[in-house]
Structure formats: C-alpha cells, structure tokens
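> give me a 3D structure for the following:
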Amino acid sequence: MIGSICMKRISKAKNEAFFPFLAICFSIQVHAQDSSRVQLKTYLGVLTLTGTYKNDANWGKSEQGIVGEHFQRLVRMQQEGRIMMAGRTQLESNNPAMMGLVIFYAKDDNEAFRLMMEDPAVKKKIMLAKVYPYVIAVGSCK
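Got it, this is the predicted structure:
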C-alpha cells in the first residue's frame, strides 16, 4: 500500500514537471514558426506567345498539351496560395497585344523569376515570360 502511494506521488510529480516542459516546447515551436515566416512580395508575370505560335496553323496536339500543363500548374499554384489571379486578353493569337497575366507571390526577385521560367510553356518556348515587382493600388482579387 505504501509503495502504491509513493508511486502515485512520483507519477504525479513527473506529470507536473512534464506539462511545463511541454508548454515550453510548444512555445519554442510557435516562435520558430513565426520567426521563419518570410513576408512574400507580389509580382506580375506577363506571358506572350513566341513568334511561331502567333500563327494558329503552327499549333499541334503536343503544344496544346503543354499549354494544358501550363494551365494545370497555374491552378495548382492558386490552390497553394501562390497565385492571386491569372488570365489572358481575349485577342487573336496574332494580335501583338495578346498576353497572359499572372499576379503571384514570391519571397524575392530570384524566386519570382524562377517560378515564371519553370512554366512548361516557357520551358518549351511556346511562351516568353517577363516578371515585374507589383503592388495593387486599388481593389483586391480576394
């Protein structure tokens, strides 16, 4: 009986010491997460067709598939919270003003450039990409 009481006291003491330890670990983890957050910057990506693909006759199933991959990547990045919005002008392919726009988030200029250059349509030279730091002055896309 005395042994049982002693074991309960030891167990209680371990629990009492464990909970403050657990609270300290949790607060350290939360602080580490807060201090590791990087403030993302907003960028504007401008996509235009390369010369070959301004002519609709030059589009085949392969190119259409690559642009499908491009679109799915944009959707995935939007779902991940990396893209605020993406769209294109409603102009003919051969119109010099035809372009796609992507407003997105990146930690810095290098990451923004890399994100645009990794687009499947840019890698396969169907589209050209330019990247600009961007600030929304009026309205929001939320």
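> and the lengthiest strand in the chain, which strands flank it?
The single longest strand within the chain, with elements called by DSSP state E, is strand 41-49. Strand 41-49 pairs in its sheet with strand 100-106 (antiparallel), strand 127-133 (antiparallel), by DSSP bridges.
> need the winner for burial among the ones you listed.
Sort the strands paired with strand 41-49 by mean neighbour count, taking mean count of other CB atoms under 10 Å, and strand 100-106 sits at the top with a mean of 19. In short, each C-beta sits where N, CA and C put it, glycine included.
> what's in contact with that one?
Outside strand 100-106, the residues that touch it by CB atoms under 8 Å, 6 or more residues apart in numbering are 40-48, 74, 77, 81-89, 112, 115-116, 127, 134, 136, 141.
> flag every buried residue along the helix or strand following that strand.
As assigned by DSSP states H and E, the chain's next helix or strand after strand 100-106 is helix 109-117. Of the residues in helix 109-117, 112-113, 115-116 count as buried by neighbour count, 16 or more other CB atoms under 10 Å.
> what of stretch 81-91?
Result for stretch 81-91 [16+ other CB under 10 Å]: buried residues 83-84, 86.
> shaky segments in the chain?
1-37, 141-142 (pLDDT under 70).
> residue 136 is in contact with residue 43, isn't it?
No. At 11.4 Å, residue 136 does not count as touching residue 43 under the criterion of CB atoms under 8 Å.
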